[in-house]
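Enquirer: Let's see this in three dimensions:
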Amino acid sequence: MTIAITGAIGNIGGAVARALAAAGTPFRMLVRDPARAPELPGTEVAVASFADVDASRAALEGVDLLLMVSGAEAEDRLAQHRAFVGAAATAGVRHVVYTSFVGAAPDATFTLGRDHWATEEAIRATSMAHTFLRDSFYLDFVEDLVGEDGVIRGPAADGAMAAVARADVARVATEVLLHPSAHLDRTYELTGPAAITLAQAAAIVAEVRGREVSYRPETLEEAYASRARWEPAPWQADAWVSTYTAIAEGALARVSGDVERVTGRRPMTLREVLAAG
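Expert: This next block holds a predicted model:
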């Protein structure tokens, strides 16, 4: 079986690439810039971007199993995804493993979750088998929410999120790629071991880093106003703010056991992620 992966230059794709290489499993990396592709044994490199249908189709010729790591946030990301899915189907790919979002739905409060739902639908509309890895927000990103003044701000109220470590998402993806027949047409919700509020997250960051960190709830108006200094496009501002409103409504509070069911290992906690970083 020929395996191809996208995103090998990034966090999740890169971790999967290293794990496959360590397991002695050959695979093909699809990258936009071959100069940035990791040098790993048993690999080949093909150049393509999601939006380039012809290059993607050529890069995927002969591929049976594809890990499609979702593209970088962009206003046209869904169009890029649909183009790539079409290229994969035309090239004869038989099974797509796609990194989706735990709240994926056509009306998801987290606006980017709607793109993930539509991408899943595009994959379902082909003859390709699928495995959807619906990961929650990343625990690795929690510390990035802390402002220069040590405050996490957002309209999350006292909602909780069962955020997951990128390392756990990569471990699940690797297991699926190594044993694909056991995961055909399955959807997994990838979460951490517990749902935590942003106040609890702030306290953990403060403890591990030995600094003052706190959480301050915002109203919607305050949230948009406090982010205006970065001059985001409207779609980007909506995505940033809806990160918090999705937490507030409880859409991300459910804890799933899928990480441990697939990998045999319990998922990492925020404290463990921070300690490892």
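Enquirer: so where do the strands sit in this protein?
Expert: 3-6, 27-31, 43-47, 65-68, 95-101, 129-135, 151-154, 160-161, 186-190, 196-197, 214-217 (DSSP state E).
Enquirer: Of those, which is nearest Asp115?
Expert: strand 95-101 (8.5 Å; C-beta to C-beta). The way it works is simple: take the backbone N, C-alpha and C, and place the C-beta from them, glycine included.
Enquirer: What's the mean pLDDT across that closest one?
Expert: Averaging pLDDT along strand 95-101 yields 98.
Enquirer: my read: Asp135 touches Val102, true?
Expert: Yes: between Asp135 and Val102 there is a contact at 6.2 Å, judged by C-beta atoms under 8 Å.
Enquirer: Next, the buried residues of stretch 76-91.
Expert: 77-78, 80-89, 91 (16 or more other C-beta atoms under 10 Å).
Enquirer: pLDDT below threshold where in the stretch 1-150 of the chain?
Expert: For the stretch 1-150 of the chain, no stretch has pLDDT under 70.
Enquirer: Could you list everything the one residue sitting closest to the centre of the chain pairs with in the sheet?
Expert: The residue lying closest to the centre of the chain (C-alpha atoms, centre = their mean) is Thr99, at 5.4 Å. Under the criterion DSSP bridges, Thr99 forms beta bridges with Leu133.
Enquirer: and the buried residues of stretch 76-91, which of them are in helices?
Expert: Among those, the members found in helices (DSSP state H) are 77-78, 80-89, 91.
Enquirer: Rebuild those as JSON lines, extending it with distance to Ala129.
Expert: Formatted as JSON lines, these follow (distance: C-beta to C-beta, whole Å):
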{"residue": "Arg77", "distance to Ala129": "23"}
{"residue": "Leu78", "distance to Ala129": "22"}
{"residue": "Gln80", "distance to Ala129": "22"}
{"residue": "His81", "distance to Ala129": "18"}
{"residue": "Arg82", "distance to Ala129": "18"}
{"residue": "Ala83", "distance to Ala129": "20"}
{"residue": "Phe84", "distance to Ala129": "17"}
{"residue": "Val85", "distance to Ala129": "13"}
{"residue": "Gly86", "distance to Ala129": "16"}
{"residue": "Ala87", "distance to Ala129": "17"}
{"residue": "Ala88", "distance to Ala129": "12"}
{"residue": "Ala89", "distance to Ala129": "11"}
{"residue": "Ala91", "distance to Ala129": "15"}
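Enquirer: Report the contact partners of the residue nearest to Ala118 when sequence neighbours are not counted.
Expert: The shortest distance from Ala118 to any non-neighbouring residue, by C-beta to C-beta, 6 or more residues apart in numbering, is to Leu78 (5.4 Å). Residues in contact with Leu78 (C-beta atoms under 8 Å, 6 or more residues apart in numbering) are 115, 118-119.
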